[in-house]
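In: pasting the sequence and the predicted coordinates here, then a few questions.
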Amino acid sequence: MINNINNNNSNNNINSNSINNSNSNYPNKENQGTKENIKAYNEIWDDLIQFTDLLIALFITISFTAIGYYFAPKTAPLPLFISLAGALAGFVVSSLIIKPKRQLVFESQENKEE
């Protein structure tokens, strides 16, 4: 797990101690090793997700894409563009329905030095 990430452009630090967890099952340093927390989350692209949330988001996005393709006029580029618009709409709906499980609090380096 990454303890500290430095962003050179904005001089902000993300410290793992400053992450507030809104879900008590999300693993952190205090309860990282429990079997219940490990079973509840899967690691994808160095991030922990719930598998059910992933399936819901995939179902919504695929449904919007398929509906856009099915109802699009059959002239050459329109099914592609309307399907892509459906995928984008599915992504937006998924991100509105599925809320993040954690909150990041950014601290500037000036506050850390004091």
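Out: Cool, got the structure.
In: how about the strands in this protein?
Out: Counting by DSSP state E, the segments of the chain that form strands are 4-7, 12-15, 19-21, 42-44, 47-49, 102-104, 107-108.
In: direction included, what does the fourth one pair up with?
Out: With DSSP bridges as the test, strand 42-44 is paired with strand 47-49 (antiparallel).
In: and for residue 68, the neighbour number?
Out: For residue 68, the count of nearby residues is 22 (other C-beta atoms under 10 Å). All C-beta spots, glycine's among them, are computed from the backbone N, C-alpha and C.
In: from residue 101, how far out is it?
Out: Using C-beta to C-beta, to the nearest Å, residue 68 is found at 30 Å from residue 101.
In: check residue 54 too.
Out: Counting by C-beta to C-beta, the gap from residue 54 to residue 101 is 13 Å.
In: neighbour count winner among the two?
Out: Set side by side, residue 54 and residue 101 show more neighbours around residue 101, with 17 against 14, by other C-beta under 10 Å.
In: roughly how far does that one sit from residue 46?
Out: Here the criterion is C-beta to C-beta. By it, residue 101 lies 15 Å from residue 46.
In: show me the helices in the protein, by range?
Out: 35-40, 51-71, 78-97, 109-113 (DSSP state H).
In: now these in TSV, with mean pLDDT?
Out: As requested, the helices of the chain are arranged in TSV below (pLDDT from 0 to 100):
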stretch	mean pLDDT
helix 35-40	64
helix 51-71	96
helix 78-97	97
helix 109-113	68
